[in-house]
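# got a predicted model here, sequence first, then my questions.
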Amino acid sequence: MSRISDLAAHCIRCGFCLESCPTFLVSGKETESPRGRIYLIRNAEEGNLSWTEDVRPHLDACLGCRACQTACPSGVEYGQLLELAREQIETRKSDRPKSALLGLMSNPSLLRLSLHVPGKRVPGLVSRVLSGQKPEADLPRPQPASGWAPLDESLLPPIASEVYLLNGCAMQVLFPRVHEATNRLLRRVGIAVRSTGNTCCGALHGHNGHLAEGAKMAKKLAAEIEPGIPLVTDSAGCGSFLKEEASRPVFDIAEFLSHNGLGNLLAGSAGLERTITYHDACHLVHGQGIRSFPRELLQAIPGVKYVELPEADMCCGSAGIYNITQPSMARQLLERKWQNVESTGAEVVASGNPGCHAWIEQASREHGAAVEVLHTVELLESSFSGLPQKTMHARTA
Ligand code: SF4
Ligand code: SF4
């Protein structure tokens with residue numbers, strides 16, 4: 001039995017996953033549900049359906065959010081099944097525009113160049129080539145500087161150990177302030193930080209069915225850094241992929257800081273008088289099973305009023321490059337997410353992934369920019385150093 005058939009055979013078609021699937025909830029269609037997609041994959045693998053004609057549109061429309069995997073009582077490893085099925089499709093007929101987009105997004109130099117593309121939103125022509133639809137996502141923009149004063153080394157604990165922080169591709173270009181907050185928090189708990197270079201971890205490729213390319217990139221990254229030193233990431237998608245690929249301990253930053261005493265340290269920090277809420281990035285909650293660490297840390301900030309977000313673990317529609325390749329569905333999910341955020345009355349919404357961060361922040365701008373969107377670590381560091389000077393980063397032209 002092939003690996004795909006083996007994985008698909010675990011599905012007993014009970015339908016317990018349906019109500020967890022964002023694309024099923026929005027469309028109401030079985031073919032846009034996990035059960036329907038598994039049925040299509042199984043039939044393509046058995047030669048009854050065409051991978052490229054019959055199956056591709058429904059797998060392209062899948063967010064890869066893995067909410068179905070969390071909900072499934074039968075233990076179907078949907079994430080892995082999806083990636084293998086996407087590989088089958090890609091091998092038969094490559095989606096060249098999507099491959100080019102993956103190449104751009106995973107290359108920091110090209111990504112930096114793309115910041116000079118004029119306009120506010122992804123160009124209409126590019127969107128039509130990639131999706132056949134009008135664009136919904138704004139062009140990316142790097143975060144402004146934090147304005148935080150340098151740490152006073154005399155007040156910090158001695159260095160006890162060291163980790164690598166994944167520099168990444170989009171993270172280093174678009175979210176330098178998140179990395180800054182991560183570095184500061186790690187130092188506060190006595191950890192020295194080494195940065196990886198410019199090599200992308202391969203997550204975007206892997207999640208989109210370019211499995212060989214993704215694995216090659218992960219291997220290159222591993223070869224560039226010293227063995228045995230743990231790797232920490234502040235990007236949920238990268239962490240989820242590297243936990244499957246890397247042969248060293250890999251930690252999400254919230255998980256790592258929780259294990260290393262940040263909760264106790266926060267109790268003695270200045271704190272923040274803010275109402276906050278938290279959005280679960282799919283690759284953190286469904287990909288890595290991390291739900292409580294970020295919540296516990298955020299609630300440990302003195303003065304914070306924490307409000308739980310309705311449907312917190314439902315995908316916001318960003319999903320890697322999904323809001324560029326499937327803009328219409330992504331927009332519907334963003335509006336649903338935003339209504340939930342507004343219902344909490346929160347002044348700040350936190351999350352642990354760059355895609356969610358940029359996409360939810362776009363919704364905030366579109367709805368008057370009254371709600372700040374921050375990475376969990378930015379909010380945690382703000383408890384010691386105050387909120388960053390200017391948190392909104394948007395193209396205005
Ligand atoms: S919950 Fe699991 S077993 Fe049931 S239909 Fe969904 S994927 Fe199949
Ligand atoms: S990964 Fe997400 S969008 Fe895809 S089938 Fe599962 S729940 Fe639905």
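Yep, it's here. Ligands and ions are numbered 1, 2, ... in the order given.

# any idea how far the residue in the stretch 251-397 of the chain that ligand 1 sits nearest to lies from ligand 2?
For the stretch 251-397 of the chain and ligand 1, the shortest gap (Cβ to the nearest ligand atom) falls at His286, measuring 13.1 Å. Glycine gets a C-beta too; all of them are placed from N, C-alpha and C. Distance, His286 to ligand 2, using Cβ to the nearest ligand atom, to the nearest Å: 8 Å.

# per-residue confidence for the closest residue to that residue other than its chain neighbours?
Closest residue to His286 apart from its sequence neighbours, by Cβ to Cβ, 6 or more residues apart in numbering: Arg66 at 3.7 Å. At Arg66 the predicted local confidence, pLDDT, stands at 97.

# same deal with Met392?
Met392 is assigned 44 on the pLDDT scale.

# also Met105?
What the model reports for Met105 is a pLDDT of 89.

# what's next to the helix or strand where Ile4 lies, contact-wise?
Element membership for Ile4, per DSSP states H and E: helix 3-9. Helix 3-9 is contacted by residues 1, 38, 41-42, 45-46, 76-77, 80-81, 84-85, 88 when judged by Cβ atoms under 8 Å, 6 or more residues apart in numbering.

# count of residues packed around Leu155?
By the criterion of other Cβ atoms under 10 Å, Leu155 has 7 neighbours.

# hang on, the earlier thing: what residues are up against the residue nearest to His286?
Counting by Cβ under 8 Å, 6+ apart, Arg66 touches 78-79, 282-283, 286-287.

# return the subset of the contacts of helix 3-9 lying in helices.
Counted as lying in helices by DSSP state H, out of the contacts of helix 3-9, are 38, 41-42, 45, 80-81, 84-85, 88.

# run through the residues that contact the residue lying closest to Ser109 once chain neighbours are set aside.
Counting by Cβ to Cβ, 6+ apart, Ser109 lies nearest to Asn198, which is 7.7 Å off, once chain neighbours are set aside. Asn198 makes contacts with 108-109, 167, 169, 172, as judged by Cβ under 8 Å, 6+ apart.

# nearest to Arg194 among these?
The closest of the contacts of Asn198 to Arg194 turns out to be Asn167 (Cβ to Cβ; 9.9 Å).

# which pLDDT value does the model give the closest one?
Note on Asn167: pLDDT of 94.

# surely it and Thr196 touch.
Yes - contact criterion Cβ atoms under 8 Å: Asn167 and Thr196 qualify, at 4.8 Å.

# return the residues of the stretch 51-200 of the chain in contact with ligand 2.
For the stretch 51-200 of the chain, the residues in contact with ligand 2 (Cβ under 6 Å from any ligand atom) are 62-68, 78.

# which of the residues you listed ranks first by neighbour count?
Going by other Cβ under 10 Å, Cys65 tops those with 30 neighbours.

# any idea how far that one is from Val285?
Per Cβ to Cβ, to the nearest Å, Cys65 is found 9 Å from Val285.

# which is the next helix or strand following the helix holding Ile4?
Per DSSP H and E, the first helix or strand lying C-terminal to helix 3-9 is helix 22-27.

# quick one: that next one near ligand 2?
Yes - contact of helix 22-27 with ligand 2 (Cβ under 6 Å from any ligand atom) involves 22-23.

# show me what that helix is packed up against.
Using 3 or more Cβ pairs under 8 Å, 6 or more residues apart in numbering; DSSP states H and E, the elements in contact with helix 22-27 are helix 327-344.

# touching ligand 2 at all, the helix it packs on?
No - figure legend: helix 327-344 not in contact with ligand 2 (Cβ under 6 Å from any ligand atom); closest approach 9.2 Å.

# C-terminal to that helix, what's the next element?
Assigned by DSSP H and E, the successor of helix 327-344 is strand 348-351.

# tell me which residues of that following strand come out buried.
348-351 (16 or more other Cβ atoms under 10 Å).

# and of those, the nearest to Val129?
Among the buried residues of strand 348-351, Ser351 lies closest to Val129 (Cβ to Cβ), at 29.5 Å.

# is the closest one in a bridge, and if so with what?
His375 (DSSP bridges).

# so how far is Ser235 from it?
Distance from Ser351 to Ser235, by Cβ to Cβ: 11 Å.

# residues near Trp18, how many?
Let me fix one detail, which is that residue 18 is Leu and not Trp. Residues near Leu18, counting by other Cβ under 10 Å, number 17.

# test my guess that it contacts Glu32.
No - contact criterion Cβ under 8 Å: Leu18 and Glu32 do not qualify, at 10.2 Å.

# related to what we said a few turns ago, tell me which of the contacts of Asn198 fall in helices.
108-109, 172.

# re the thing from before, out of the residues of the stretch 51-200 of the chain next to ligand 2, who's near ligand 1?
Contacts with ligand 1 within those, counted by Cβ under 6 Å from any ligand atom: Cys68.

# ok so, going back, so the helix holding Ile4, near ligand 1 or not?
No - under the criterion of Cβ under 6 Å from any ligand atom, ligand 1 is not reached by helix 3-9; the shortest gap measures 9.1 Å.

# please state the offset of that helix from the chain centre?
Chain-centre distance of helix 3-9: 26 Å, with Cα atoms, centre = their mean, to the nearest Å.

# and if you look at stretch 235-248?
How far stretch 235-248 lies from its chain's middle: 12 Å, per Cα atoms, centre = their mean.

# now do the contacts for the residue of the stretch 201-350 of the chain found nearest ligand 2.
Nearest residue of the stretch 201-350 of the chain to ligand 2, counting by Cβ to the nearest ligand atom: Cys315, 6.4 Å away. With contact set as Cβ under 8 Å, 6+ apart, Cys315 has these partners: 22, 63, 65, 67, 282, 333.
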